[in-house]
Every structure is written in C-alpha cells, then in structure tokens.
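*Asks:* Would you be able to build a 3D model of this:
(one chain, ligands or ions: 1)
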Amino acid sequence: MDLVLIEALKVDTVIGVYDWERTLTQTLVLDLELATDIRPAAAADDLTQTLDYAAISERIAKFGAQHGFELVETFAERLAETLRQEFAIPWLRLTLRKPGAVPAADAVGVRIERGAGH
Ligand SMILES: Nc1nc2c(c(=O)[nH]1)N=C([C@H](O)[C@@H](O)CO)CN2
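*Replies:* Predicted structure coming up:
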C-alpha cells in the first residue's frame, strides 16, 4: 500500500485539562500517513482517484475549530475516526504533538495507527 503524507500540519484548537487551557486556543502539530493505492490516480493523472491532501488538511482545520477536547488522546482518536469515515482511508498513522506543553521538551503528544491493510 502507498502513502499520502501530510507533515507538520498546524491546527488551532481548544485543548487541555487545566482551567487556563479552556479559555484559549493552542496550536497542535500533526503528521499523517494515509494509506491508499496511488496507481489509479497516477495512471489517469486524476486527483479524484486519490486522497486529496489539501481537502484533508482543510477538514482537519475545521475539526480543530469545531472541538475543544481535554486530552490529546481524544483529539487523535476522534480525528482518526472522522478522517477514515469521510475519506474512506483504510489505514492511517497519526502523530499529534503539543508544543510547549512541557517546557523541558520540544513537544509531547501521541501516535496512533488505525485500520488495516498496511
Ligand atoms: N497523556 C496526556 N497527558 C497530559 C495531557 C494529555 O492530553 N495527555 N494534557 C495535559 C495538560 O493539558 C498539559 O498539556 C498542559 O500543559 C497534561 N498531561
């Protein structure tokens, strides 16, 4: 299976456990690997036959604006479900980083893989 990539995508959202975090927007940084077979799109040179990384990136920005979870785990899990359903993605790996959450670290976060066929 081939992969469509989205790397270091910045997503603004309300995210966090603490009271002060409920009053502001923070920026998450996402890496996505999206399984698909790119050969039909390549053969036809046709965007409609592959995963449109621009459309998916826009959907992620909308998802961030629409939700305000406490945990990065919840953001990752719910986003993975949404993308897999709406774009028919058989397998994905999502790495979500929350820069600045732990001052001694460049970033903290989670990495999940969902689906089959990769
Ligand atoms: N595993 C997690 N640990 C923590 C989370 C989280 O979402 N998942 N969140 C926080 C706070 O919101 C923190 O980011 C504030 O700096 C603490 N630990």
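
*Asks:* Please make it C-alpha for all contacts and neighbour counts, starting now.
*Replies:* Fine.

*Asks:* who in this structure is up against the ligand?
*Replies:* For the chain, the contact set with the ligand under C-alpha under 6 Å from any ligand atom comprises G16, V17, Y18, L71, V72, E73, A101, V102.

*Asks:* who's in contact with I56?
*Replies:* I56 is in contact with L83, counting by C-alpha atoms under 8 Å, 6 or more residues apart in numbering.

*Asks:* and the gap between it and A105?
*Replies:* Computed as C-alpha to C-alpha, to the nearest Å, the I56 to A105 distance reads 29 Å.

*Asks:* sorry, back to before: using a markdown table, lay out the residues of the chain next to the ligand together with neighbour count, secondary structure and pLDDT.
*Replies:* What follows is these, written out as a markdown table (neighbours: other C-alpha atoms under 10 Å; DSSP: H, G, I helix; E, B strand; the rest coil; pLDDT from 0 to 100):
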| residue | neighbour count | secondary structure | pLDDT |
| --- | --- | --- | --- |
| G16 | 20 | coil | 98 |
| V17 | 11 | coil | 98 |
| Y18 | 9 | coil | 98 |
| L71 | 12 | coil | 98 |
| V72 | 20 | helix | 98 |
| E73 | 15 | helix | 99 |
| A101 | 14 | coil | 97 |
| V102 | 10 | coil | 98 |
